[in-house]
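S.K.: Can you look at this prediction? I've put the sequence above it.
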Amino acid sequence: MTIRPRRPCAHPGCQQWAVIGSYCAVHAAEWQEKLKARRAEFARRADEERAPADDRGYTFAWRKARKAWIIRHPICEICGKPATDVDHITPHRGDRKLFWDTNNWQSLCHECHSRKSYGERRRKGKKQPEADPEMGVMIIP
Ligand SMILES: [Zn+2]
Ligand SMILES: [Zn+2]
């Protein structure tokens, strides 16, 4: 059996002895949490970069165009709040021409956009939850 020399916790300013790795029990737990959060963030970003929606035209180019559009049209067309999303007035349904036609674009806030997308799905009679690649959220009708 080896007796390891005690070391103070590596957390700045902590007076406890290290018991797990270089940290005391409290800061080891904190560190684990931080690590987990960082991993989750990393996984999320990797997911975004994989962008499964490319076939519908939501590409990097779209993200760039959307950003530029919102800078020029910063107000939600429906409620007047700051816009966060660019909506296709007529759903493009994968039609690239319609997709890139700026006459078919309008700025919406996230709330109004969600409500509009929700309505569109309801009219289509879809019951399955569907990922909306434009917003990166799940809409559950
Ligand atoms: Zn500590
Ligand atoms: Zn709005």
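M.R.: Thanks, I have the structure now. Residues are numbered from 1 along each chain as shown. Ligands and ions are numbered 1, 2, ... in the order given.

S.K.: List the buried residues for the helix or strand hosting Phe99?
M.R.: Following DSSP states H and E, one finds Phe99 within helix 96-100. The neighbour-count check on helix 96-100 (16 or more other CB atoms under 10 Å) flags Leu98, Phe99 as buried. For the C-beta atoms, the positions are set from N, CA and C on the backbone; glycine is no exception.

S.K.: and if you look at stretch 74-89?
M.R.: Across stretch 74-89, burial judged by 16+ other CB under 10 Å covers Cys76, Ile78, Ala83, Thr84, Asp85, Val86, Asp87, His88.

S.K.: ok, so of the residues you listed, who is nearest Arg6?
M.R.: Checking those against Arg6 with CB to CB, the nearest one is Thr84 at 52.3 Å.

S.K.: ok now do that closest one, which residues does it touch?
M.R.: Taking CB atoms under 8 Å, 6 or more residues apart in numbering, we find Thr84 in contact with Ile70, Leu108, Cys109, His110, His113.

S.K.: what's in contact with the host helix or strand of the first one?
M.R.: Secondary structure assignment for Ile70, by DSSP H and E: helix 60-72. With CB under 8 Å, 6+ apart as the contact definition, helix 60-72 has outside contacts at Ala51, Ala83, Thr84, Asp85, Val86, Phe99, Trp100, Thr102, Trp105, Ser107.
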